[in-house]
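Trainee: could you work out the structure for the sequence below:
(chains A and B)
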Amino acid sequence: MTLLSSLALLLLVALSSLTSATSDYHESLILQPLPQSSLLASFNFRSNESQESFDERHFRYFPRALGQILRHANTKELHLRFTTGRWDAESWGPRPWNGTKEGSTGVELWAWIDAVDDEAAFAKWITLTQSLSGLFCASLNFIDSTRTTRPVASFELMGDHPASSNLHLLHGTLPGEVVCTENLTPFLKLLPCKGKAGVASLLDGHKLFDASWQSMSVDVSPVCPHLGECSVQIDQTVDIVLDIDRSKRPRDNPIPRPVPAEQLVCDTSKPYHSDDTCYPLESTAEKYWSLTDIFGRTISGSCPLAEGPFHEDPVCLRVPHDRQVDVAPGAVETKKPDGFTRCFTLQPSTPFDLTIPEQETTSQVPLDEPVLRAERTIVGHGQERGGMRIIFDNPSDTNPVDFIYFETLPWFLRPYVHTLQATITGNDGLRRQVPASEFIKESFYKPAIDRERGTQLELALSVPAASAVTLTYDFEKAILRYTEYPPDANRGFNVAPAVIKLGSHDAANGPNHPIYIRTTSLLLQLPTPDFSMPYNVIILTSTVIALAFGSIFNLLVRRFVTADEASALRAQTVKGRLSGKLVAIRDKIKGKRAKTE
Amino acid sequence: MATPAALPPLPFNPSRVRSYVLRLPLFTRLVLLAIIVFWLLELQTVWSVVQWGSIIPEEAGFGTMYRLNTYPFIHLGFFHAFLNVLALTPLLERFEAEHGTLTAVALFIGPLSTLPGGAYILIEKFVLHRNTAVTGASVWVFLLLGSEAIRTFKSNPYFSLGPYKIPTWTSPLFACALVSILVPNTSFLGHMCAILVGYLLGLGALKVFVPPEKVLRWIEGKLNLLGRLPHYVSVDQKTYGRYGVLPTTTTGGERGTPMSFLGSSQPAVRKLRSNPHFLFVHLPHILSFICIVAGVVWLLLLPLNDYSRQTYISENALLPGQVHAYFSGSEQHVFRGYKKELEGILASQTEDGQEGRKDEFTPAYVVISALQSVLKAAGLKVATQNYEYTSSGITHQGQNVYAIIQAPRGDATEAIVLVAAWKTVDDELNLNGVSLALTLARYFKRWSLWSKDIIFLFPPDSETGTQAWIDAYHDMQPAFVQPLPLKSGALQGGLVIEYPFDHRFESLHILYDGVNGQLPNLDLFNTAVSIAGGQMGIGASLQEMWDHNDSYEMRLQTIMRGMVKQGFGYATGPHSSFMPYHIDAITLQPKGEGWQDEMALGRTVEGLCRSLNNLLEHLHQSFFFYLLMQTNRFVSIGTYLPSAMLIAGNFTIMAIALWLRTGYFQQNTGNSPVEKPKLTEEQQATPAADEREPKTNNTQDPATKNIKERQLALPLTLVVGLHLLGLLPLYIFNNISHTYYTTATYTSILANAVLPLLLAAFLTHGLTTQQSLLIKSFSLLILGLFLSTLATLNFSLSFMIGLLCAPLSFVNRIKPQTITGPLRYVLAALSLVLLNVLSPPVVLLGSCAYFGVDVESVLTQAAFGWDVWGVWTQVVVWCVWWPAWVTGAALVGFSLF
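Mentor: I've put the predicted structure just below:
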């Protein structure tokens, strides 16, 4: 018995050593305090599976559920995003991962599917969305042909693909989808440690979905670090921005009641300051926080699968080195040479906590200036027409920004592209009307087909230094059929956010590291009938018609016979039966004649 | 019968109805009269007739025995009375015809009303132990139905439905069941009692109550009832049933047989129809006049409980007052801090700018930057907007400061606006309001439950700032208004806070009128009233009705004030600018001296924001068209619209009648056009003239009464030209400098006096009667068309203009042939003077004098409204009212020449 088990163990070790070259699992958590008492927490989980074992359906770190779906749908590369809230670039600086792991509000999905032609690719795409819908408990199955686009320039392949493959890119967005715990649970189940150990143990639905901004992503792509040695890599991230004050409120008493008067921080230098008059002073000191306060729990030790000699320290904190940080015993702190990052190791099955006491700040982690600010709003009023206004603001004083602007519009929003106009506002604040072609270098436009396909607009734009370009175009709102309105409360129709892809000129990022920015989603008010009225009318008319029809139909089909005829019919004699048949035939002939006449 | 070619024969012969009504016997008439009289009595509110005369089981006693006789006469409303009268008349008429008037009186005053009533009281009180009051003549209806059914049963016992045989005496039971299912609030038990007594009557069980025929004859003979009472059915005359004997003796000398009525009524109708002068000249005038009176009376009825409704929250998502408001405690310290800070800056600013523009306060750069720093410190996104408007030579400029709380998990698709203008509607410094908004901004930022962004807007005044901001928010701003650098999603609602004084307040005054008479959704108003009253214990008032005792006069006054504001269509506060963009907004003004402090106002605003935050959809459920008469009572559009429509309809009726008249009347030689009306007038004056006269008239008519071709060119040109000419004063009054407004008003009065006379003098030569009638017809047609369309958009404006134009339906060219000599000139001059009193500029002057305001300021305000708010009251005045008025005055003017 012991021999057998030790043999099996040996075999397992041998096997694992064989595969370790291509199959592994990493996880990391980066915490970065942001201005306005926010905290950015970036969770990243990455696992590999060699292409051979993936093809043989031999899954180790790679989630089997997802792997089977991808194989079934011929999907070579998959990107799935769940996002809520908006990133406040003005206060929080550039986006985590340069926006590449972020989606538009709601759910966004794009994938490269290996198929012979467009139709086959779309069939596989539908298979994919239906399966993912079940896996992630999201309404991904609502990505139908009207919401599916085929972007031309906005998305690039992340992985290494054989040149022979015939890949089709399909993209779909559900801007109205509400991301919540039912999406988080299947997300965590894809992880090898299932959120029970490692940094994923911090992910608690209550805290995660109380965040000011939150984004979950799943990326699957084949990577070939060495020639011929390919593996399928799944990269899952969770990025959240938590409000420290709000997260620190106890769970049983989350109401932000007015603080007691003696705890109010006041500007005592004001001449009118007194016991009942207080000009509030926002404290400049960095707030006290700890992982337990923020996430409601500690990291319950490291994930055993993520251990190994090559692994970096999983938890990193980006605060200045002079900031005091207390950690749980057993954790080893490593300070990185950049002056702002320190990382900690985790011990297996030992809870890890991290505490930052309140301290007057002397230095801040520098935040980069965002490269481009974009704002997209619906203008105009009324139920018939409207306009779209997109503002691109280039804050840089020296460099122009080149980017690709991609938007998909639902078919019931009909843009008039000929009304596309551009205005430029320089540093002087003067607005000038200029031809749009001055900024638009290339454009790709695919008009909508009613009830079949949405509008797809991709523009290659260039905004000069220190200026803001405003693009406007008019649109018309279509009138929907009454069955096309969603059955729930009519808040309006969501229009998916636009995606902006900046080709990075930054040498450090390399040519292949684009920056993505997404605008906020929009709410489109369509002419909506008062549904309760048709409902009442339908109910009433149906009742009346049913009553009238019922009685008239009864009169028409019932056979009227005289009483003695009836008694003869009722008598089960040959004569009675015969006369019954006769009467039936007579009625038939009469009826027919009546019809033909 | 030769009928005029213009009149097709009527499909329905009203003479039959008329003869039936005229033949109704005496007791039936009296009963119907009593029912109508009691219904009219109920219209007053002092004495409740229903309470007095209906059967109330609990109050049954010897003192209230009279109720057993009165209840059949009393009804609960018009429809109740109408339907019962309709049902009762044929039954009662037949009963009386069969049994005679005296028997009917004896039975119906006696047992036939007391027996069912008594039975009802017994069962209701002692068996069911309930206390449901009953009233109405339906008891007799069912009683008579019951007795009829028994009689039918005797002759025709069953009617068969398929294999089933249903006894005919059950038919009243079916009717009773059907009525109690279909008609709400009917007493099933009461009807059943009546049917029961009806069965007894039909079976002859009540014969004991019938007075013996001998007695009846004696009474009849003694009192000579037959001779004295009209429509009396004598004991001898009675028919004993449907198939009874026809009356063989015609006793009554003055009362003819029904046949004679039929004979005499037909010529009357024919006379009416062959009398075109009455149909085309008098009838339209009568109808128009009735329309106007009915419209005014209708409006006066609205404050009654029967025509108005209690307000209610229609949008369930609002849940007003369901959340606890936490805005209290140390937030008040912060409020005082902000207030002192702003006070200090304002004091230093006025010290600096000693040149003393006390009334012309504009928040300076320091104040604006203080606002910005407070909002930034609270963690909001802040932006500013400059704007400049020029109207009647006056420049209004300012800078809006606004800040956005981004909803913590929101996606920037929806937003709520909170406005605190530096100056209130009454031009007072709104320091407390601004400080309160700042404190609320800091407080709201801490909450994570916002599903919509909250925008705090601080415009420098209540007139221009919000307008500039909301225009720019939708990118519809004019050239001198800056676009907004910072935006959020679709605005779902707006609240304006005012608090211009330092003492505590007693109640909240809610302003809700928008530009051009648009109103916010009633749900928003109701939510504010319900949160203020129900949750915070703050009373609410509206339309400056400080002590509203809910009486008829107060309600009417509230409606009138609301209508005046709606009719003028100007912005009543910063909230008004939101309405054109379909954003519902209200202004909250604290009023009076009480014990509510600024924190209570803050909690009210918090509650309102929480309610708006709950909304899943844009407010759409409740009413957008309403007249409020009290904070909790309103009239909806379906109820009040007929009022303005009737008034607008009077013009259309007159226009159509004139059009028909111009095509129908024959113009023979020089003096005959007036000959004919005169002739018919004579006939009218002597309606009892023998039938030969109109007949001969008719026989010669087809030859002479040809359908006349209308000469349309001149009337059309004139009316269209006058309407286009209205653009001239419209342009002048909106574009000249404000200093010339008084001069321009007097000039226009002068021009108004002269223009109709000039027109008359130029056109009178060769103007036929037909043309003058056509001019009036077209003018009134356009007026009626405009006003009835306008009534659906701005009811009050349409109603007011309609009333002011009402005389135009009745003015006419006084033809020299009808009234001759100096009397004509005197009459024409008099009516011209009267018309001039009702001309637009004179009405403006008059109302300015009445309200004690300056004409110049009113016109400046109007031009400002036109330029900034987009008010189109002026268009209605100058392009609808004024041309109609000039046409009317010119028609009178024709009679002078």
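Trainee: does stretch A:472-489 come close to chain B?
Mentor: Yes - legend: contact between stretch A:472-489 and chain B by CB under 8 Å from any CB of the partner chain is shown at A:472, A:489. Bear in mind the C-beta positions are built from the backbone N, C-alpha and C, glycine included.
Trainee: buried ones in that stretch?
Mentor: A:472-475, A:477-478, A:480 (16 or more other CB atoms under 10 Å in any protein chain shown).
Trainee: what mean pLDDT does that stretch have?
Mentor: Averaged across stretch A:472-489, pLDDT comes to 86.
Trainee: next: stretch B:850-867.
Mentor: 91.
Trainee: how about the buried residues of stretch A:472-489 in TSV, adding secondary structure and distance to A:Trp125?
Mentor: Below are the buried residues of stretch A:472-489 laid out as TSV (DSSP: H, G, I helix; E, B strand; the rest coil; distance: CB to CB, whole Å):
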residue	secondary structure	distance to A:Trp125
A:Thr472	strand	33
A:Tyr473	strand	29
A:Asp474	strand	32
A:Phe475	strand	27
A:Lys477	strand	28
A:Ala478	coil	25
A:Leu480	coil	25
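Trainee: nearest to chain B, of those residues?
Mentor: Using CB to the nearest CB, A:Thr472 is the member of the buried residues of stretch A:472-489 that sits closest to chain B, with 7.8 Å.
Trainee: ok, and the closest non-adjacent residue to A:Gly93?
Mentor: Using CB to CB, 6 or more residues apart in numbering or on different chains and skipping the chain neighbours, the partner closest in space to A:Gly93 is A:Leu367 (3.1 Å).
Trainee: how about the contacts made by the residue most central in space within chain B?
Mentor: With the centre of chain B defined as its mean C-alpha position, the nearest residue by CA atoms, centre = their mean is B:Tyr640, 2.3 Å away. With contacts taken as CB atoms under 8 Å, 6 or more residues apart in numbering or on different chains, B:Tyr640 has the following neighbours: B:298-299, B:302, B:627, B:795.
Trainee: what's the burial count for B:Glu331?
Mentor: 26 (other CB atoms under 10 Å in any protein chain shown).
Trainee: need the pLDDT of the residue of the stretch 751-897 of chain B found nearest chain A.
Mentor: Of the residues in the stretch 751-897 of chain B, the one nearest chain A is B:Gly870, at a distance of 12.4 Å by CB to the nearest CB. Confidence per residue is given as pLDDT, and for B:Gly870 that number is 91.
Trainee: isn't it up against B:Asn516?
Mentor: Yes - between B:Gly870 and B:Asn516 there is a contact at 7.4 Å, judged by CB atoms under 8 Å.
Trainee: need the strands for the stretch 1-150 of chain A, in chain order.
Mentor: Remark: strands assigned in the stretch 1-150 of chain A by DSSP state E, counting those that start in this stretch are A:25-34, A:38-50, A:75-85, A:106-114, A:148-149.
Trainee: three-state assignment of the residue nearest to A:Gly93?
Mentor: When classified by DSSP: H, G, I helix; E, B strand; the rest coil, A:Leu367 comes out as coil.
Trainee: got the phi/psi numbers for the nearest residue to A:Thr341 once chain neighbours are set aside?
Mentor: Once flanking residues are discounted, A:Thr341 sits nearest to A:Arg318: 5.3 Å by CB to CB, 6+ apart. For A:Arg318, the backbone dihedrals are phi -100, psi 90 (criterion: degrees, to the nearest 10).
Trainee: what about A:Arg318, how many residues nearby?
Mentor: Every residue meeting other CB under 10 Å relative to A:Arg318 is counted, giving 18.
Trainee: would you check that A:Arg249 makes contact with A:Arg257?
Mentor: No - A:Arg249 sits out of contact with A:Arg257 when judged by CB under 8 Å, with a separation of 10.0 Å.
Trainee: the nearest residue to A:Asn98 once chain neighbours are set aside: how many residues sit nearby?
Mentor: The spatial neighbour of A:Asn98 that comes closest, neighbours along the chain excluded (CB to CB, 6+ apart), is A:Ile515 at 4.4 Å. Here the count is done by other CB under 10 Å, and A:Ile515 has 22 residues near it.
Trainee: who does A:Ile515 bridge with?
Mentor: Going by DSSP bridges, A:Ile515 is paired in beta bridges with A:Leu502.
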